[in-house]
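Student: Structural data only, the sequence is not supplied:
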């Protein structure tokens, strides 16, 4: 019979999934930057690569943390960076990438 999962177990499993995804994107970002035809997009991918390295590091800290307050602060920092990156990429797409694609 399967062991009942606690909320802490589910949280930990979700963090592992996020960690795996961050590691995958970390491998993909250099390729994306190399393939980018826009200087702005290339720079955004390169910037996000550095941020993603920080996300991986923070997640590793969360796995080692004993106190939930430490996990929340670390995850909040990553969430704030992700929101900023989303806004920057959206603005770049709307102002530069999408018009270029439509013209092609």
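Tutor: Received the coordinates, thanks. Everything quoted here is computed from the prediction, not taken from an experiment.

Student: mind listing the helices for the chain?
Tutor: In chain order, the chain shows helices spanning 7-35, 39-64, 68-92, 98-103, with DSSP state H as the criterion.

Student: Could you dump the ones you listed into a markdown table and include mean neighbour count and mean pLDDT?
Tutor: C-beta coordinates here come from the backbone N, C-alpha and C atoms, glycine included. As requested, those are exported to a markdown table (neighbours: other C-beta atoms under 10 Å; pLDDT from 0 to 100):
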| stretch | mean neighbour count | mean pLDDT |
| --- | --- | --- |
| helix 7-35 | 13 | 94 |
| helix 39-64 | 16 | 94 |
| helix 68-92 | 13 | 91 |
| helix 98-103 | 10 | 80 |
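
Student: List the contacts of the closest residue to residue 45 other than its chain neighbours.
Tutor: Nearest residue to residue 45, sequence neighbours excluded (C-beta to C-beta, 6 or more residues apart in numbering): residue 33, at 3.8 Å. Taking C-beta atoms under 8 Å, 6 or more residues apart in numbering, we find residue 33 in contact with 42, 45-46, 49.

Student: quick one: residue 33 from residue 101, how far?
Tutor: Taken as C-beta to C-beta, to the nearest Å, the spacing of residue 33 relative to residue 101 amounts to 18 Å.

Student: now do residue 20
Tutor: To residue 101, residue 20 is 31 Å away according to C-beta to C-beta.

Student: Which pLDDT value goes with residue 6?
Tutor: pLDDT, residue 6: 88.

Student: Give me the neighbour count for it.
Tutor: Around residue 6 sit 9 other residues, with neighbours defined as other C-beta atoms under 10 Å.

Student: Please list all residues in contact with the residue nearest to residue 18 when sequence neighbours are not counted.
Tutor: Taking C-beta to C-beta, 6+ apart, and ignoring the residues beside it in sequence, residue 18 has residue 59 as its nearest neighbour in space, at 6.5 Å. Contacts of residue 59 were listed using C-beta under 8 Å, 6+ apart, and they are 15, 18-19, 22, 74, 78.

Student: again with residue 55
Tutor: By C-beta under 8 Å, 6+ apart, residue 55 lies in contact with 22, 78, 81-82.

Student: can you rerun that using 6 Å?
Tutor: Neighbour list for residue 55: 22, 78 [criterion: C-beta atoms under 6 Å, 6 or more residues apart in numbering].
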